[in-house]
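Colleague: What would the 3D arrangement of this be:
(one chain, ligands or ions: 1)
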Amino acid sequence: MRTMLAQSSMDLPRLTDVTCTRLGLCVVVAVLGVGFSNCRQEPGKPNPGAQVFGKIPATLSRNWDKAWQTKSLADRIRPIDATGIAYVAKWNELDGFEEKPEPAILDSARRSALIKELETLPPPVRSYIERNVAAIFTTRALGGSAMAGLAYDDSGRPEFGFLIIDIDMFEKPANEWITAKELTLFAPDAKQTFSIQIEDSAANTSTAGMRFILLHELGHIASQLNHTMPPFTETNLSVDSDFAKLSWTSAEMTRFDSQFPERSRIKFYRRPPPFQMNSASAIYDHLGKTDIATLYSCVDPHEDFAETFVLYVHSVLMGKHYIVRLHDSAGEHVLAKDRILLSALAQKRKLVAEIFR
Ligand SMILES: [Zn+2]
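Modeller: The predicted structure follows:
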């Protein structure tokens, strides 16, 4: 569950998250294997999260001051503390990242704007955060854009979550931020490029991007608290959940891979990028034949869920768009628009909707 952006050359075949891009928490692994096929159920790859969740101090609820439950959302936004830093450091160690996270203070204007973003979320979403997110830590040098974490009780049950955001990753407005993330998949091309729009121009602020990424990370938390996805504590990565089984035959393969050969090569933040820009149309065409919402969803089952979750809130509950446009000498045309609303994704929407009931 990390979401990265902008860093340099990480190659993230670890767990990842891109939005998480590194998965930090996102525990997902992206490396894939080349085809193995039917027959025997192979055990999934070892899950790095099994070394973290319910094991280190930030992931144990007994180490948290229970007073968080009485704090306002505004008071939960605070510079990351030593326990949070140790959590990130553990993921950076597992992921092979060299970043050393440090506490960061949001300037008052952006802090106020972020508080407003959270307080004006649809009531079921705001309520879910109030009940289930103990802190929103601000940091820099995270090693990604954002991360999520879970705290477990003494019996190993996930009890609540926490969010971490790298404030330096959000200097750009939301549309430019998410476009830059997606462009890490493609080598630059003087003849064409593309863009993603998640906000109308009047609402295209950096804190709108923060809200989007925090909702993606919230999706990872909800996937555990509501048991919608396999547990982050499992020893080997599985697809043992109703949601994951819709698209995934293993933690690394989807049921669309034979018709979507690029899917297994979708890895963000690689240097060099995995694709040429002129393949974007074909990739989006292939994505269009799946029940997967975005290219980031293609990374692994946990990212698929987190993307579906954020887009459910973004488009179904908030009425906002997610539009991908190709720009070339002929002008621009839409490669994808609001896939979350397609009938092919109805079952995925239903599973996310159940979280807010
Ligand atoms: Zn993620």
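Colleague: ok, the top helix by length along the chain near the ion or not?
Modeller: Once the chain is assigned using DSSP state H, the helix that runs over the most residues is helix 206-225. No - Helix 206-225 stays clear of the ion (C-beta under 5 Å from the ion), getting no nearer than 5.5 Å. Just so you know, the C-beta spots here come from the backbone N, C-alpha and C atoms, and that holds for glycine as well.
Colleague: just checking, what packs against that helix?
Modeller: Counting contacts by 3 or more C-beta pairs under 8 Å, 6 or more residues apart in numbering; DSSP states H and E, helix 206-225 is packed against helix 108-119, helix 123-132, strand 133-140, strand 146-152, strand 158-166, helix 174-183, helix 301-311.
Colleague: Alpha carbons only: can I get stretch 269-276 in PDB?
Modeller: Output of stretch 269-276 as PDB, limited to C-alpha atoms (Å, rounded to 0.1, in the frame of the first residue of the first chain):
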ATOM      1  CA  TYR A 269       8.000   3.700 -11.600                       C
ATOM      2  CA  ARG A 270      10.300   1.400 -13.500                       C
ATOM      3  CA  ARG A 271      13.300   2.800 -15.300                       C
ATOM      4  CA  PRO A 272      13.200   2.300 -18.100                       C
ATOM      5  CA  PRO A 273       9.400   2.300 -18.400                       C
ATOM      6  CA  PRO A 274       7.900  -1.100 -19.600                       C
ATOM      7  CA  PHE A 275       6.100   0.300 -22.600                       C
ATOM      8  CA  GLN A 276       6.400   2.600 -25.600                       C
END
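Colleague: Of all the helices and strands packed on helix 206-225, which one is nearest Met277?
Modeller: Closest to Met277 of the helices and strands packed on helix 206-225 is helix 174-183 (C-beta to C-beta; 8.7 Å).
Colleague: any idea of the angle the closest one forms with helix 206-225?
Modeller: 60 degrees (axes from the mean of the first three to the mean of the last three C-alpha atoms, to 10 degrees).
Colleague: Give the other helices and strands that helix 174-183 contacts.
Modeller: Using 3+ C-beta pairs under 8 Å, 6+ apart, helix 174-183 sits against strand 193-197, helix 206-225.
Colleague: Can you give me the buried ones in stretch 229-238?
Modeller: By neighbour count, and taking 16 or more other C-beta atoms under 10 Å as the criterion, the buried residues in stretch 229-238 are 229-234, 237-238.
Colleague: of those residues, closest to Asp168?
Modeller: Lowest distance from Asp168 to the buried residues of stretch 229-238 (C-beta to C-beta) belongs to Phe232, with 26.6 Å.
Colleague: Next one: that closest one relative to the ion, how far apart?
Modeller: Computed as C-beta to the ion, to the nearest Å, the Phe232 to the ion distance reads 12 Å.
Colleague: So what does that residue have for phi and psi?
Modeller: When read as degrees, to the nearest 10, the backbone of Phe232 gives phi -60, psi -10.
Colleague: Mean neighbour count, the helices and strands packed on helix 174-183: which tops it?
Modeller: helix 206-225 (a mean of 26; mean count of other C-beta atoms under 10 Å).
Colleague: and the following helix or strand past that helix, how far from the chain's centre?
Modeller: Going down the chain from helix 206-225, the next helix or strand is helix 242-247, by DSSP states H and E. The chain centre lies 17 Å from the centre of helix 242-247; the measure is C-alpha atoms, centre = their mean, to the nearest Å.
Colleague: quick one: average pLDDT of helix 242-247?
Modeller: Taken as a whole, helix 242-247 has a mean pLDDT of 98.
Colleague: Run through who's touching that helix.
Modeller: The list of residues contacting helix 242-247 from outside it, by C-beta atoms under 8 Å, 6 or more residues apart in numbering, reads 223, 228-230, 238-239, 254-256, 290-292, 301, 304-305, 308, 347-348, 351.
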